[in-house]
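> can you look at this prediction? I've put the sequence above it.
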Amino acid sequence: MAANFWNSSHCKQLFDQEEVDVVHPLDKDKGITLEDFKLIKMHMAIPICKLAQQVKVRQRVVATAVTYMRRLYTRKSMSEYDPRLVAPTCLYLASKAEESTVQARLIVYCIKKMYSDDKYRYEIKDILEMEMKILEALNYYLVVFHPYRSLPQFLQDAGMNDISMTQLTWGLVNDTYKMDLILIHPPHLIALACIYTASVYREKDKTAWFEELRVDMNVHDVPSVEASFVYLTALSFWQDLVKNIAMEILDFYESHRLITDERINTAFNKLKP
Amino acid sequence: MAREIKTGEIVALKKIRMDNEREGFPITAIREIKILKKLHHENVINLKEIVTSPDGNKYKGGIYMVFEYMDHDLTGLADRPGMRFSVPQIKCYMRQLLTGLHYCHVNQVLHRDIKGSNLLIDNEGNLKLADFGLARSFSNDHNANLTNRVITLWYRPPELLLGTTKYGPAVDMWSVGCIFAELLHGKPIFPGKDEPEQLNKIFELCGAPDEFNWPGVSKIPWYNNLKPTRPMKRRLREVFRHFDRNALELLDRMLTLDPSERISAKDALDAEYFWTDPLPCNPKSLPKYEASHEFQTKKKRQQQRQHEENAKRQKLQHQQQHGRLPPIQQSGQAHPQMRSGPNQPMHSSQPPVAAGPSHHYGKPRGPAGGPGRYPPSGTSGGYNHPNRSGQGSGGYGSGPYPPQGRAPPYGSSGMPGAPPHGSGGGSGYGVGGPNYPQGGPPYGGSGAGRGSNMMGGNRNQQYGWQQ
């Protein structure tokens, strides 16, 4: 959608971190911790992605679907809104909202092909019913802005629009959907934070830049960041915010390495009735 | 129509039709909601919220879009017996229409169904664009393929009639030109009954298109099948020579065949027409017209004396004498050919039940209305929506005009492939189906029909919200 972000429902719907990090009482009763909650949300982005590849929709649809799912769980419990049904339904709804309609039939067919597991046995009517529930829970706010749109412009302005940099930042943006950033920050700041992170990353090998950044977030020390920094200075008002977002991204990558399948399974098992 | 219990505010409801929907929530409704949620402008109807009916099977219907309530629509207002718009009034409406449309176009939204019945007017003289059921967002490069089955036939531009699938805001500007001419002329200028006739009427007035006046026209899909068989000159300035000079100048630029040469909303707002005497008047200074459901307001008045809007309504006679008559021949007259139906008393004190499907000042306007005015009977359903006939009168809540008769055939039944949406077929929004609740507020209101306008409402429902 073309209208500007600042007037959009997306902008008005931005949350504080504390609002997002609330585990619904119903889920809490089942022993779901904040960690579990985050883990499940992160993990559910995977089936959405896989399914999107099967039904051939753009990354943008995936991003919108994940955003719907994350918005949903700021209001509703996972006990009542089973993530295994919510994930494909969000993709179905997002495909309509992003004008890349996918038939419900195809989604159901692909799910069955992907999973032999009975837990994923959903029929068309389940998807359609869940769609209505999600629409209501989202209060029919369907417009989502994504960092992808501002990315090329920023990269060009910063003189970093070579292929490898573009790919790297694009990948970073994809990864931000494993977090709740899109619910909390304006999309263009997320884009800037990804550029910031990428420019640092390209200079150093992975562990080194982790160490360095944790010690000192002052970008002056990193020569390759110069160009982007000039750009960021112009936006000095947002600079701290961008740095903070970049820190969140880095934190995520670090903690991500520690996540095991076992932990994910434990979290999901708690959801069982 | 309904009333919000909390505030006592009257609102209009539009039902989102869910039956027969195999793909869940209709994408047309998603588009409309997305667009309405992003547009916030004084000349664009405000979507207040979306409500789900608490009873019945909530996922199979009973979803309504809640809009601010508007008293009239432009067609209904123009068609009132004895109605004559003054020049400042026409300028005022036109300027608001263009301002609202310019806002839409800036926000990359094509309305794609501009016509009088989708232009709502309140008793403050404000005009708002409504019914975004066919609207969609566009990108500036015009490269996307869009359906050409949009815009009510009489207001559809030549490029769509010739089958183009790449188009932009100019399609809406053609419709604006049609409305402008209609306001000045006193009746629709291109009342075609099917697509070939529609094109022919356009060519007769605007001349036949060729590579000279419209470069690229011969590459449009159906040009070779539909091109005029004989040479035709542009006669617009001759036919409308009695129009004010600046008005004619602007109209000429709006009804330009080549969409790339057609004036934009922005440029139209800068036209001499709006900046020469008599200037557009302030909307607030416009006469206030009695709402069409006067019988309702009586009771409401007693209950809601504080309701300012009603108080105003009460005071004002709808037949105000304008200080100025339009200098244009026809527009001053009340299109006599339309008035053949029996006129009922203006301040209709008739019991509502007696009014039949048209409670629009008891002015029945079926196909009997008059020669040339309506599509031939049989297409009088407007949108020939099979499941819409028999519904109560439509109109934006107030029912200022009936759904039947006036609306040109929207992909009329005489044409193949009638549904205007590429998808959706007979679904989409319809006038409230039989299974939605009647009576009880706050959902006592009605469904909506695309053809008629946002609102429909039958007698029972109108009583409903009075309770």
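Cool, the structure landed. No experiment lies behind these values; they were computed from the predicted model shown.
> tell me where the model's unsure across chain B.
B:1-6, B:19-21, B:54-61, B:141-142, B:291-467 (pLDDT under 70).
> kindly report the residues of it close to chain A.
B:22-25, B:27, B:30, B:33-34, B:37-40, B:49-50, B:52, B:58-59, B:107-109, B:137, B:139 (C-beta under 8 Å from any C-beta of the partner chain). Any C-beta I mention is one placed from the backbone N, CA and C, and that applies to glycine too.
> in ChimeraX, select just the buried ones from those residues.
To isolate the buried ones among those in ChimeraX, judged by 16 or more other C-beta atoms under 10 Å in any protein chain shown, type:
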select /B:23,24,25,27,30,33,34,37,38,39,50,52,59,107,108,109,137
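> show me the residues of chain B next to chain A that map onto strands.
B:E49, B:I50, B:T52, B:V109, B:S137 (DSSP state E).
> what about the strands in chain B?
Counting by DSSP E, the strands of chain B are B:2-3, B:10-16, B:47-52, B:63-68, B:72-73, B:109-110, B:119-121, B:127-129, B:136-137.
> now the ones in strands among the residues of chain B next to chain A as TSV including distance to A:C90?
Output for those, formatted as TSV (distance: C-beta to C-beta, whole Å):
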residue	distance to A:C90
B:E49	22
B:I50	18
B:T52	19
B:V109	25
B:S137	21
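> and which of the residues you listed is nearest A:E98?
Using C-beta to C-beta, B:S137 comes nearest to A:E98 of these, at 11.1 Å.
> hey, what's B:L129 bridged with?
Counting by DSSP bridges, B:L129 forms beta bridges with B:V44, B:L119.
> that one contacts B:N43, correct?
Yes: counting by C-beta atoms under 8 Å, B:L129 touches B:N43, with 6.3 Å between them.
> element containing A:I46?
helix A:34-55 (DSSP states H and E).
> who's in contact with that helix?
Where contact means C-beta atoms under 8 Å, 6 or more residues apart in numbering or on different chains, the residues beyond helix A:34-55 that reach it are A:21, A:23, A:27, A:32, A:59, A:61-62, A:65-66, A:69-70, A:73, A:78, A:83-84, A:86-88, A:90-91, A:95, A:102, A:106-107, A:110-111, A:113-114, A:177-180, A:259, A:263-264, A:266-268, A:270-271.
> just the buried ones from the residues you listed?
A:23, A:27, A:32, A:61-62, A:65-66, A:69-70, A:73, A:78, A:83-84, A:86-88, A:90-91, A:95, A:102, A:107, A:110-111, A:177-180, A:264, A:267-268, A:270-271.
> re the thing from before, what's the angle from the following helix or strand past the helix holding A:I46 to helix A:34-55?
Per DSSP H and E, helix A:34-55 leads on to helix A:59-72 as the next helix or strand towards the C-terminus. Helix A:59-72 runs at 150 degrees relative to helix A:34-55, counting by axes from the mean of the first three to the mean of the last three C-alpha atoms, to 10 degrees.
> any idea of the mean pLDDT in helix A:59-72?
For helix A:59-72, the mean per-residue pLDDT is 96.
> if we can go back for a sec, tell me which of the strands of chain B sits nearest to B:D79.
The nearest among these, by C-beta to C-beta, is strand B:72-73 at 9.8 Å.
> residue closest to the middle of chain A?
A:Y177 (1.4 Å; C-alpha atoms, centre = their mean).
> enumerate every residue touching that residue.
A:A45, A:V62, A:A63, A:V66, A:T67.
> quick one: which of those is nearest chain B?
A:T67 (14.0 Å; C-beta to the nearest C-beta).
> count of neighbours near that closest one?
23 (other C-beta atoms under 10 Å in any protein chain shown).
> with A:K30 instead?
Using other C-beta under 10 Å: A:K30 sits among 17 other residues.
> what do you get for A:D29?
11.
> with the one 4 residues further on instead?
Residues lying near A:T33 (other C-beta under 10 Å) number 13.
> next one: the one 5 residues further on
Around A:K38 sit 20 other residues, with neighbours defined as other C-beta under 10 Å.
> got it, and B:P196?
13.
> one more: the one 5 residues further on?
Here the neighbour count serves as a burial measure; for B:K201 (other C-beta under 10 Å) it reads 17.
> got a list of what the residue nearest to it when sequence neighbours are not counted touches?
Counting by C-beta to C-beta, 6 or more residues apart in numbering or on different chains, B:K201 lies nearest to B:F190, which is 4.5 Å off, once chain neighbours are set aside. B:F190 is in contact with B:W154, B:Y155, B:C178, B:Q198, B:K201, B:I202, B:L205, counting by C-beta under 8 Å, 6+ apart.
> 6 Å instead, please
B:F190 sits next to B:W154, B:K201, B:I202 when contact means C-beta atoms under 6 Å, 6 or more residues apart in numbering or on different chains.
> go through those and name the one nearest A:S8.
Distances from A:S8 to the contacts of B:F190, taken by C-beta to C-beta, are shortest for B:W154, at 35.0 Å.
> tell me where chain B has helices.
Counting by DSSP state H, chain B has helices at residues B:27-38, B:74-78, B:87-106, B:158-161, B:170-185, B:195-206, B:223-226, B:236-239, B:245-254, B:265-269, B:294-303, B:308-315, B:329-332, B:459-464.
> now render those helices as a markdown table, adding distance to B:R17.
Listed next are the helices of chain B as a markdown table, based on distance: least, C-beta to C-beta, whole Å:
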| stretch | distance to B:R17 |
| --- | --- |
| helix B:27-38 | 8 |
| helix B:74-78 | 23 |
| helix B:87-106 | 24 |
| helix B:158-161 | 25 |
| helix B:170-185 | 25 |
| helix B:195-206 | 26 |
| helix B:223-226 | 33 |
| helix B:236-239 | 40 |
| helix B:245-254 | 34 |
| helix B:265-269 | 31 |
| helix B:294-303 | 26 |
| helix B:308-315 | 30 |
| helix B:329-332 | 38 |
| helix B:459-464 | 16 |
